[in-house]
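A.B. asks: Prediction below, plus the sequence it came from.
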Amino acid sequence: MNADGGAAAALGGLTLSPEDLARSRDRSRVDRARSGRRHFLLVWLLVGPGILAMLGENDGPSMISYAATGATYRFGFFLPFILVTFLMAMVVQEMCMRVGAVTHRGYGELIFQRYGKVWGWLAAGDLLFTNVVTLVAEFVAIRVGLAYFGLGSGVAAGLGMLLVLFTLSGGRYWRWERIVLGLAAFNGLFLLAAILTKPHWGSVGHALASFGPFPGGSLNTILLLIASTIGATVTPWMVFFQQSASADKGLTPRDLRYGRIDTVLGGILAALFGCGALIAGAALSPHGGASVQGLAGAGFPAALQHSSGGLVATLFALGLIEAGAVAVLTISASTGYAFGEAVGKASSFNASFRSALTFYAVNVVVAGLAAAVILIPGAPLLKIALNANVLATVLLPVTLVFMVLLANDRLLMGRWANGRLINVAVIVIVIFVSLAGSAYGIDSFLQTVHLIRGG
Amino acid sequence: MSEWLLPEPREDEEVVMFLERDQLSAGRRVRLPRARLGRGGHVLLWVLRLFTLVVGAMVVYTFVAQLG
C-alpha cells in the first residue's frame, strides 16, 4: 500500500500512482484520436496551457491598463504594439511548452536540479512574493467589476475563493483546465464591448497599418508606458505556468505541433481581446477619459455607462470580473507548481490531496492571503495594484535567461533543443523584454527617490 | 457517440503504454545532474547575479516606499 491508500497499481516493476493513472487516461484519448487521424479532436484534447497562459495574462490590471491607454491616446501606436508584444510572448511561451513536453518537468524543478538551490529559491521566492501581490491586484479588479453591480469586497473575496476551491476539488488536471478555459472564453466580452462602442474602423485600420499616430507627452511617460505594456504581456508566472501545466497535462514531443497551435491561438485571442479593451477605453477619450481612475473604484464601467450605454458598461464590468477570476486561478496554480517543485513535493492537479498537499495548500493559501488583503479596511489597494508589475521586473530577465538556457540544454532537450534561427529570434526578444522591464523598474525607483519627475 | 466525447477507456487500458517512461511519477523523481556551463555561461550568470542584487534592491525600496 502506498501513501494514496492503495490506489496505486503495479505494472512491470513500476508503481503507478493515481497521478499516473489519471494522466494515462487522458493520454489514451489522445492516442486514439491520433490513431483515428482526428485532427480537430486532437486540437481540442491538446489545447489548454497556452491559451490559459495568454488569457490569464489578459488579467484585470492589464485590461484596465489597455483601456486607460485607449482613453488617453485613442487609436494609434499602442494598438498594433499590443499585437507585437503578444507575438513576442508566443515565441517565449512556445519554448516553455516545448521544454515541458520534452522533459515532463516543471520550470522550477529544472532550475533547482540543473542550476542549484540559490537560483532555484531566488526564482521560486520572488515568484511567490510577486504572485501574492499580483493576486491582490486581481481581487481588486474583481471588486471593481462587482462594484458596478453594487457588490462589495466581501463578495469579491468570497467569489474568488469559491472558484479556487471548486476548481481544485476534482483531482484531475483535465477538469481544472476545462473549467478555467470555459471561464477564460468570457475574456471575449472586451471585444464585444469594443464593437458595441461603434468605433471608427477606418481609424483602427490606419493605426494597425501605420503604428501611428505616435502618442504625444513626455518621453519618460511614453517609455514607461511601452515598458509596462511589455511587462504586462510577458511575465515570470506565465513561464512557470505553461511549462508545468504542459508537463502536468502529459504533453510529449509528438504533441509539439498541437502545443504550438495552442500557444499561437492563445496569443491571437489575447491580442484581439486586449485590443478590444483599448478600443472600448477609447470611447471615453472625448469624455475626459484620461482622468478616469480605473482601480480607484468602479471607474471604467461607470464612465462607459455615460459614454456608450449600460450594455457596454455591463460587458466591461463582467469582463473585469472574468479577467480577475481567471488570473486568480492561473496565478495561484503557477505558485503551487513553483513552490511544490522547490520543496521537491508532488505538484499536479492529477495527484490526490494527500499526495500533493503542499501543491493544493499553496494554491489555496496564496489566493486566501490576497483575498484577505482586500478585506482590510484602509489597505493601500491602489498602490499595491499599481506596483505589482514593478516587482516582476527583477525576476523577468532571470526567468527568460534560464528559459533560453534550458531550451538550449542538449542533455535535456536532445533534438528538440533550440535551433539557430529560433535562438536569434529568442535572444533579441529576451534582450528587448529584459531591457524594457529593467527600464520600468529603474525608472520607478528614480521617480521614487525624486531623481526624475513622473509623467 | 459525440465526436468530442470519447468514452472512458477500460480499466485494463489505463496502463503505462500511454505514458512515456520518464512521464511516470517514479521517473520524475530521478534527479538530473547539474548543468556544465562554459565560460560564456558563467559570465552570463555573474551578470545576472549583479543585476539581481542592484535592481532587486531598487525594486524592493520602490515597493516599500510606494506603500508607505
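C.D. replies: Structure's in. What do you need?
A.B. asks: quick one, helices of chain B?
C.D. replies: Per DSSP state H, chain B carries helices over the ranges B:25-28, B:39-67.
A.B. asks: Give me the most central residue, chain A.
C.D. replies: Against the mean C-alpha coordinate of chain A, by Cα atoms, centre = their mean, the closest residue is A:Glu57 at 2.9 Å.
A.B. asks: so what pLDDT did it get?
C.D. replies: As predicted, A:Glu57 sits at a pLDDT of 91.
A.B. asks: likewise B:Met1?
C.D. replies: So, for B:Met1, pLDDT stands at 34.
A.B. asks: For chain B, give me its nearest residue in the stretch 301-450 of chain A.
C.D. replies: Residue nearest to chain B within the stretch 301-450 of chain A: A:Phe445 (3.9 Å; Cβ to the nearest Cβ). Where you see a C-beta, it was placed from the backbone N, CA and C, and this is true even at glycine.
A.B. asks: quick one: pLDDT of that residue?
C.D. replies: Value listed for A:Phe445 in the pLDDT field: 86.
A.B. asks: Contacts only, for the residue nearest to it when sequence neighbours are not counted.
C.D. replies: Nearest residue to A:Phe445, sequence neighbours excluded (Cβ to Cβ, 6 or more residues apart in numbering or on different chains): B:Met58, at 3.9 Å. Counting by Cβ atoms under 8 Å, 6 or more residues apart in numbering or on different chains, B:Met58 touches A:441-442, A:445.
A.B. asks: now the residues you listed as TSV including neighbour count and secondary structure?
C.D. replies: As requested, those are exported to TSV (neighbours: other Cβ atoms under 10 Å in any protein chain shown; DSSP: H, G, I helix; E, B strand; the rest coil):
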residue	neighbour count	secondary structure
A:Gly441	26	helix
A:Ile442	18	helix
A:Phe445	22	helix
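A.B. asks: Let me have these in TSV, adding distance to A:Pro61 as columns.
C.D. replies: What follows is the contacts of B:Met58, written out as TSV (distance: Cβ to Cβ, whole Å):
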residue	distance to A:Pro61
A:Gly441	16
A:Ile442	21
A:Phe445	20
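A.B. asks: Quickly name whichever of those residues is closest to A:Ala327.
C.D. replies: A:Gly441 (21.2 Å; Cβ to Cβ).
A.B. asks: ok, and for the least confident helix or strand in chain B by mean pLDDT, which residues are buried?
C.D. replies: Counting by mean pLDDT, DSSP states H and E, chain B has its least confident helix or strand at helix B:25-28, which shows a mean of 79. Across helix B:25-28, burial judged by 16 or more other Cβ atoms under 10 Å in any protein chain shown covers B:25, B:28.
A.B. asks: Need the residues that contact that helix.
C.D. replies: Taking Cβ under 8 Å, 6+ apart as the rule, helix B:25-28 contacts A:14-17, A:19-20, A:104-105, A:346, B:21-22.
A.B. asks: try 10 Å
C.D. replies: A:8, A:13-20, A:23, A:103-106, A:109, A:247, A:346-348, A:350-351, A:355, B:19-22 (Cβ atoms under 10 Å, 6 or more residues apart in numbering or on different chains).
A.B. asks: which sections of the stretch 151-300 of chain A are below the confidence cut-off?
C.D. replies: A:219-220, A:288-298 (pLDDT under 70).
A.B. asks: With chain B instead?
C.D. replies: B:1-16.
A.B. asks: Apply 80 and report the result again.
C.D. replies: By pLDDT under 80, the low-scoring segments of chain B are B:1-17, B:21, B:27-29, B:66-68.
A.B. asks: Go ahead and flag the most central residue of it.
C.D. replies: B:Arg28 (12.3 Å).
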